[in-house]
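# Mind looking at a prediction? Sequence and model below.
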Amino acid sequence: MKVSVIGMGAVGTEIVGFLVNMSEVTEIVAVDKVRERAEAEIWDFSHTTPFTYAKNPRLVAGGMEDTQGSDIVVITAGAQLQKGQTRDDLARVNSAILRELIAGVERHSPGAIVINVTNPVDVMTQVMLRASSYPRERLISAGTLIDTARFLRILSEHVRIDPKNLYGYMLGDHGATGFIPWSLCRVCGAEVDTFCRQNGLPLVDREAMRQQTLDAGYRIFERKGNTNHGIAASVFRIIRAIEGNEQSILPLGVLLQGEYGVSDLVMSVPCVIGRRGVERILRHEFAPEEQAAFHESERHLRALRALV
Ligand SMILES: NC(=O)c1ccc[n+]([C@@H]2O[C@H](COP(=O)([O-])OP(=O)(O)OC[C@H]3O[C@@H](n4cnc5c(N)ncnc54)[C@H](O)[C@@H]3O)[C@@H](O)[C@H]2O)c1
């Protein structure tokens, strides 16, 4: 399998690190506007291969032409927020970058599955869907998978259980209106409140935990100027699900066409992921307050989309 990563900044580099160290891919291509950066990262990574147990993939730093025939393309390219700029300004700048970029990606890899990471992630994915012929199942956003990872970690600390034994998601928007459908959340098979009661733990303050989850990314960003480990692990998780045709359920941004009562908008919902990308969109029955939260995310994303 050939995977190309466009954008060799903090996030793209970390994704390549996961691929070099832990994946089965046979070729990794790194592309950046600053070519020397991609070359240096790939050169540096190549020196890890004598000591790691990866599959000794072919490592390439180059231009868009080198991505030819990729099975998966990950997009992390974009501008960073500058002083005096708003997130809305950033959306406009990144949409211009990505419109041009997706044309090159499609020219070289029309059969690829494209995973977008560049923010605002769902709106940028929609911009690229409009500017290309990729079907919705093969041009997706990393969505709320990272928010879900943060939520599961925070909940795991409350219930004192390994997060891999918890089930739950954050859905809707990778941003301020992301919400947790608690009716679907389980700790070792039990509802969260039931588990807490049975184990002598305080009940979860649901709104506080949602807010703590949403704040996690900002708190990291404030301290180190980016977030990269969690998002890279999330993207690697998506790549593994595709590579292994896992049919795993991951909350990713996909263009909704009537699902959950929403049309023509990329939002994060639970998707079944396999070799063809989004194989199916799961349809959960939300509790009324969850459905209302979903529509709040919808309103927010439609307003953001109107800007680009
Ligand atoms: N979706 C998420 O959960 C999530 C999490 C973290 C970061 N992000 C987003 O991912 C993006 C990357 O973050 P980062 O911290 O790696 O930023 P960064 O500034 O470290 O890296 C961005 C890279 O993109 C490159 N680039 C810019 N325009 C390009 C182009 N046209 N072609 C090729 N390369 C180009 C830059 O040279 C730079 O190396 C940002 O939009 C960020 O907001 C999303």
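Sure, I can see it. Residues are numbered from 1 along each chain as shown.

# where along this protein do the strands fall?
Taking DSSP state E as the test, the strands found in the chain are 2-6, 27-31, 58-62, 72-75, 113-116, 139-141, 166-167, 186-187, 190-191, 248-257, 263-274, 277-281.

# Any residues of this protein in contact with the ligand? List them.
For the chain, the contact set with the ligand under Cβ under 6 Å from any ligand atom comprises 6-12, 31-34, 37, 76-78, 80, 97, 101, 117-119, 121, 142, 146, 174, 226-227, 231. From N, CA and C alone the C-beta is placed, and that goes for glycine too.

# Among the residues you listed, which are located in helices?
Using DSSP state H, the subset of the residues of the chain next to the ligand located in helices is Ala10, Val11, Gly12, Arg37, Ile97, Leu101, Val121, Ile146, Ile231.

# Quick one: residues contacting Phe179.
Met170, Leu171, Gly172, Arg210, Glu290, Ala293, Phe294, Glu296, Ser297 (Cβ atoms under 8 Å, 6 or more residues apart in numbering).

# what does Gly12 give?
Val5, Ile6, Ala30, Asp32, Val74, Thr76, Ala77.

# ok, now how distant is the first one from Leu304?
Looking back up the chat, that one is Val5. 25 Å (Cβ to Cβ, to the nearest Å).

# neighbours around Ile249, how many?
15 (other Cβ atoms under 10 Å).

# just to revisit the earlier point, who has more neighbours out of Val5 and Leu304?
Val5 (31 against 18).

# and the more buried one, bridged to which residues?
On the basis of DSSP bridges, Val5 is bridged to Ala30, Val74.

# That one contacts Val31, doesn't it?
Yes. Between Val5 and Val31 a contact is recorded at 7.2 Å, counting by Cβ atoms under 8 Å.

# ok, the contacts of Gly12 vs Arg150, which is closest?
Lowest distance from Arg150 to the contacts of Gly12 (Cβ to Cβ) belongs to Thr76, with 18.7 Å.

# what pLDDT does the closest one get?
At Thr76, the model reports a pLDDT of 98.

# And stretch 278-288, what's buried?
Val278, Glu279, Ile281, Phe286 (16 or more other Cβ atoms under 10 Å).

# Can you give me the end-to-end span of stretch 241-248?
One end of stretch 241-248 to the other measures 6 Å (Cα to Cα, to the nearest Å).

# So what touches it?
1, 23-25, 71-72, 113, 240, 250, 272-275, 277, 279.

# Equivalent analysis for stretch 52-68, please.
Here stretch 52-68 has contacts from 4, 6, 19-31, 35, 38-39, 41-43, 45-46, 49, 73, 104-105, 107-109, using Cβ under 8 Å, 6+ apart.

# Make a PyMOL selection of the buried ones in these.
Restricted to buried positions by 16+ other Cβ under 10 Å, the PyMOL selection for those reads:
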select buried, resi 4+6+19+20+23+25+27+28+29+30+31+38+39+41+42+45+73+104+105+108+109
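
# Low-confidence stretches in the stretch 101-250 of the chain?
Nowhere does the stretch 101-250 of the chain drop to pLDDT under 70.

# gap between stretch 250-260 and the chain center?
13 Å (Cα atoms, centre = their mean, to the nearest Å).

# buried residues in it?
Leu250, Pro251, Leu252, Gly253, Val254, Leu255, Leu256, Tyr260.

# And for stretch 78-97?
Gly78, Leu90, Ala91, Val93, Asn94, Ser95, Ile97.

# OK, contacts around the first one?
Meaning Gly78. Gly7, Val93, Asn94, Ile97, Leu98, Thr118, Asn119, Met124.

# repeat for Ala216
Counting by Cβ under 8 Å, 6+ apart, Ala216 touches Arg150, Ile154.

# from the contacts of Phe179, which is closest to the ligand?
Met170 (11.3 Å; Cβ to the nearest ligand atom).

# Gln212 is in contact with that closest one, correct?
No. Counting by Cβ under 8 Å, Met170 sits too far from Gln212 to count as a contact (11.5 Å).

# So which of the two has more stuff around it?
Met170 (25 against 15).

# which one is that one nearest to, not counting chain neighbours?
Asp147 (3.9 Å; Cβ to Cβ, 6 or more residues apart in numbering).
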